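Asker: Sequence and predicted structure, then a few things I'm wondering about:
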Amino acid sequence: MRAANVTICEQDDPRRPDAIVVVGGDGSIVPVIPQAIALGVPLGVVPSGTFNELARTLGLPFDIDAACATIARGHTRTIDAARVNGVYYLNEASIGASSRITRLQHSEEKQRLGWGAVVASIVFGLRYVRPLQATIVCGGRTETIRTVQITVANSNRFGGIINVRNAAIDDGVLDCYAIEAGGIFPIVSLVAAVVRHGAAGLPGLRTYRGTSVRIVTGHPHRIAADGEPAGATPAVFEVLPKALKIFVPRWLTAPY
């Protein structure tokens, strides 16, 4: 970055920065989102995590030199942010199976084993999946269902493997997906179907769309937002349209 004539400020520097740069994965980005929004400055990302969902969604380069050059050139695009229980996120927040799996993942193991640690936590976590009763209020609908997994997505990409059609990180709405209770093997089949074909119209999957999602459960259930703890239910998820600028390669500056 210094070679690109970029001045690096210390964290306690009183001057207002021109940008905030994060070196890491999606979990490293979460804590700086509110600061970037409050200051009105762009966010630069040098991807070095396990999933790097945001980088993949935006087509950011994974080579360190190329990522730094992208930031130095100064081309940006504006995306939505989302928030739940005061915690900001960009990709997705979850309740249920994936939230439990996230709690089984440790940053040290992910850095050492990469995808191996993720797969191990999924295999172990699925053994303890239990259905929960949830009331979901979104887009003028109110439904109470038994579910094993609820995902409230701000982006079309999440979970490391899922890329949903007809959704985008700058469309001004949240997409909520709830997998109905029905055992482990139907869950695996349903997730595989989502990966192959997208989410709409699949048996066993409830989908909702709106600018906010309210979820109430019989007992408090923990929420994970982009892999980070985000409190527990009951909770209201909300979208912040066009809230954040991200440095991207010049040819990717057009809206999605």
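Answerer: Nice, I can see it.
Asker: which ones are touching residue 48?
Answerer: Contact partners of residue 48, counting by CB atoms under 8 Å, 6 or more residues apart in numbering, are 23, 24, 25, 64. C-beta: built from backbone N, CA, C; applies to glycine.
Asker: Look at the residue lying closest to residue 140 once chain neighbours are set aside and say how many residues are nearby.
Answerer: Distances taken as CB to CB, 6 or more residues apart in numbering put residue 210 closest to residue 140, at 7.6 Å, once the chain neighbours are dropped. The number of residues packed near residue 210 is 18, by other CB atoms under 10 Å.
Asker: and residue 210, bridged to which residues?
Answerer: Beta-bridge partners for residue 210, by DSSP bridges, are residue 174.
Asker: Can you give me every residue that contacts it?
Answerer: By CB under 8 Å, 6+ apart, the contact list for residue 210 reads 138, 139, 140, 173, 174, 176.
Asker: The fifth one touches residue 154, doesn't it?
Answerer: Yes - Residue 174 sits in contact with residue 154 when judged by CB atoms under 8 Å, with a separation of 6.1 Å.
Asker: Got the confidence number for the residue nearest to residue 140?
Answerer: Here the pLDDT value assigned to residue 210 is 97.
Asker: All the strands of the stretch 51-200 of the chain, in order from the start?
Answerer: Applying DSSP state E, counting those that start in this stretch to the stretch 51-200 of the chain gives strands spanning 76-84, 87-89, 92-96, 132-138, 141-153, 157-158, 162-163, 174-180.
Asker: Quick one: mean pLDDT over the fifth one.
Answerer: To tie it back to what came earlier, the one meant is strand 141-153. 93.
Asker: got a list of contacts for stretch 243-253?
Answerer: By CB under 8 Å, 6+ apart, the surrounding residues in contact with stretch 243-253 are 19, 33, 36-37, 41-45, 54, 58-61, 70-71, 73-81, 90.
Asker: Residue 234 is nearest to which of the strands of the stretch 51-200 of the chain?
Answerer: Nearest to residue 234 among these is strand 132-138; the distance by CB to CB comes to 8.8 Å.
Asker: Give the partner strands of that closest one in its sheet and their orientations.
Answerer: Strand 132-138 has its sheet partners listed here by DSSP bridges as strand 141-153 (antiparallel), strand 212-217 (antiparallel).
Asker: Stretch 56-66: end-to-end distance?
Answerer: Separation of the first and last residues of stretch 56-66 by CA to CA, to the nearest Å is 14 Å.
Asker: The chain should start at 45 in everything you say after this.
Answerer: With the count now opening at 45, the last piece we talked about shows up as stretch 100-110.
Asker: Over that stretch, what's the mean pLDDT, rounded is fine.
Answerer: The pLDDT scores in stretch 100-110 average 94.
Asker: which parts of it are buried?
Answerer: Within stretch 100-110, the residues scored as buried using 16 or more other CB atoms under 10 Å are 100, 101, 102, 104, 105.
Asker: which one among the residues you listed gets closest to residue 189?
Answerer: For those, the residue nearest residue 189 by CB to CB is residue 101; the value is 28.3 Å.
Asker: Now do that closest one against residue 271, distance only.
Answerer: Applying CB to CB, to the nearest Å, the value for residue 101 to residue 271 is 15 Å.
Asker: Check whether residue 81 really touches residue 125, as I assumed.
Answerer: Yes - contact criterion CB under 8 Å: residue 81 and residue 125 qualify, at 6.6 Å.
Asker: returning to what we had before: only the buried subset of the contacts of residue 254, as a PyMOL command please.
Answerer: Here is the PyMOL command that selects the buried residues among the contacts of residue 254 (16+ other CB under 10 Å):
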select buried, resi 182+217+218+220
